[in-house]
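# quick one, fold the following:
(chains A and B)
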Amino acid sequence: MASTKVISLDAATGLVEDGARLAVGGILLRRKPVAFLSALAAAGRRDLRVYSFLASLDVELLVARGAVAEVHAGYVGFEQLGFAPAFGRAVAAGDVRAFEYSELVFVSGLRASLAGLPFLPTRGARGSDLVEELGLQELACPYTGERLLAAPAIRPDVCVIHAEAADEQGNVMAPSTHDFLFDADATLARASETVIVTTERVVSTEELRRGGALLFSFEVDAVVELPQGAWPTALPGVYGADLEAVRAYLAEAATDAAAAAGRLAGARS
Amino acid sequence: MKPTIDEQIAWCLARCVRPGDVLVVGVATPLAAAAAQLARELLVPGLVLIEAAAVDVAPHDVATPMLRPEVIADEAVGVYTQVEILDAIQRGRVTLQFVSPAQVDGHGNLNTSRVRAADGTMRRLPGGLAHADVACLIGRLVAYRAAHEPRFLPERVDFVTGAAGRVGTIVTSAAVLAWDGERYRLASLHDGVTREQAVAGCGFVLDVAARILTTEPPPPEALRLLREEIDPHGMRRLETRDGRAAALRELERLSR
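Okay, the predicted model is just below:
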């Protein structure tokens, strides 16, 4: 039996260096590793280059606490609840550089990384002003001449995701529900150099086997037990999103996002 | 029963669905979600409806996916993974989407990324999701918004999120506009709207024929379905200026 990968929250945040390319799991207001990110910001991390497919509170909290240099995402916001206030202000002020991706360009970049390739051709985003923002290059299909975009491989230094259960060896239980993009965290993790999993519970391999695996032990570097680790975002099948807490954050962040983000970090019980 | 503007728009969207369509419903568009179910109930029973990557979703209250996202997945035939849904779009297997951009211009370009503020600076919006992709990959796009003003309908978008070419229809709070290959023409006016109002609300030159139809109002059965079964909590009004605040309070009440 391999030695345990379960480490403390402090030790896990230590795996993320200033300036790191940090991939953050979860989709919109679901499965965001909020507790880890709050701890990372509290540890004073700076100049992070964050990759988040569809971001909400993850990017917002890191930006509010001054931890971010770049954001790479297809969306940063709160759907019906509104815009991300700290993110919007930081980008407007030039403090954070934002790169907007189309979903196909982002996922093609991850898939290139998964396959060990430098890029993947895509038919997405052609003719969009995002092509210039992302510096995407065109290429011609060598067989037909069709013009395609080359989505460069996305290879984050560290990825953090939140899951319902993992074992000591680093096997991660698959989501118990098949909600929107329930599998996205596996793609993001496998594209990254180092993978940190925060989890509601550390369980036996026997228990984990019953739910199936999202990631296997050799694909995971660290496991941190963090109950309620996605709060106030949802962990589908375990707890729903706390929209009141999100709304309270957004209301306070309209004037003082750093204080609001700090208060949210202290409120998880 | 007189329809509210969100109900009129939902019916106009539903009328865009054709037999054989595979329709994908995107993020944060409850009005589009309501229209898709309306079309399947009353117009195109064979419609393949993909919502939040769940394929062939069962009839449901449009508030449900906002509150308990796992429920529509459980009640669907199955769920696409992240890669599967995007590849289905990429290989051209999805034929229709209703999109609600911040701007759609006289050429059919979509903008969901950033708009120019009165002081000239660019104001960043949450982001385009897959709009840049669907704009060049989905069979047909219908752009809609409960507005009819040059800010929404400019001559040129402030930023091209999605390139022109697929937006065949634009549904607004005043009218339905249809692409004729070179420009948008006024296809119909909603009840009580004048052609002068429709023209004034466009930042681009609108082609207007001598005789203009009145937009078909939603039939009583469509209104009943919307109000009682598909969207009893009025989540579709999250996408209207006047109804948004009340709908948001209702959503928060439901989430407790």
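# what is the mean pLDDT for the lengthiest helix in chain A?
Secondary structure of chain A read by DSSP state H shows that its longest helix is helix A:243-267. Taken as a whole, helix A:243-267 has a mean pLDDT of 93.
# return the set of buried residues in it.
For helix A:243-267, burial by neighbour count (16 or more other Cβ atoms under 10 Å in any protein chain shown) applies to A:243, A:245-250, A:252-253, A:257, A:260-262, A:264-265. (Each C-beta comes from the backbone N, C-alpha and C, glycine too.)
# pull the most distant pair out of these.
The most widely separated members of the buried residues of helix A:243-267 are A:243 and A:262, with 20.4 Å between them, by Cβ to Cβ.
# so which of the buried residues of helix A:243-267 comes closest to chain B?
residue A:243 (4.4 Å; Cβ to the nearest Cβ).
# wait, that closest one touches residue B:253, no?
No. Using Cβ atoms under 8 Å as the test, residue A:243 is too far from residue B:253 to be in contact (10.0 Å).
# how far is the longest helix of chain A from where the chain is centred?
Averaging C-alpha positions (Cα atoms, centre = their mean, to the nearest Å) puts helix A:243-267 20 Å from its chain's average.
# elements contacting it?
Helices and strands touching helix A:243-267, as assessed by 3 or more Cβ pairs under 8 Å, 6 or more residues apart in numbering or on different chains; DSSP states H and E, comprise helix A:34-42, helix A:57-64, helix A:85-92, helix B:244-255.
# residue ranges for the strands of chain B, please.
B:22-25, B:48-51, B:54-55, B:78-79, B:96-99, B:103-104, B:110-111, B:114-116, B:122-124, B:140-144, B:167-171, B:175-179, B:184-189, B:213-214 (DSSP state E).
# for chain A, find the nearest of these.
Nearest of the strands of chain B to chain A, taken as Cβ to the nearest Cβ: strand B:78-79 at 4.1 Å.
# just the mean pLDDT for that closest one, thanks.
Averaging pLDDT along strand B:78-79 yields 94.
# what packs against that strand?
Contacts defined by 3+ Cβ pairs under 8 Å, 6+ apart place strand B:78-79 against strand B:54-55.
# so which elements touch the strand it packs on?
The elements that strand B:54-55 packs onto, with contact taken as 3+ Cβ pairs under 8 Å, 6+ apart, are strand B:78-79.
# got a list of contacts for the strand it packs on?
A:178, A:182, B:53, B:54, B:55, B:56, B:73 (Cβ atoms under 8 Å, 6 or more residues apart in numbering or on different chains).
# mind listing what that strand pairs with, with the direction of each?
strand B:54-55 (antiparallel) (DSSP bridges).
# now do the strand it pairs with: distance to the chain's middle.
In terms of Cα atoms, centre = their mean, the centre of strand B:54-55 is found 19 Å from the chain centre.
# how far does stretch A:100-120 sit from its chain's centre?
On Cα atoms, centre = their mean, the centre of stretch A:100-120 falls 15 Å from the chain's centre.
# and for residue 82, the neighbour number?
Looking at chain A here, since you left the chain open. 15 (other Cβ atoms under 10 Å in any protein chain shown).
# switch to chain B, that's the one I care about
Count around residue B:82 with other Cβ under 10 Å applied: 23.
# report the beta-bridge partners for the residue nearest to residue B:166 when sequence neighbours are not counted.
Leaving aside its sequence neighbours, residue B:166 sits nearest to residue B:141 (Cβ to Cβ, 6 or more residues apart in numbering or on different chains; 4.5 Å). Beta-bridge pairing of residue B:141 under DSSP bridges involves residue B:97, residue B:167.
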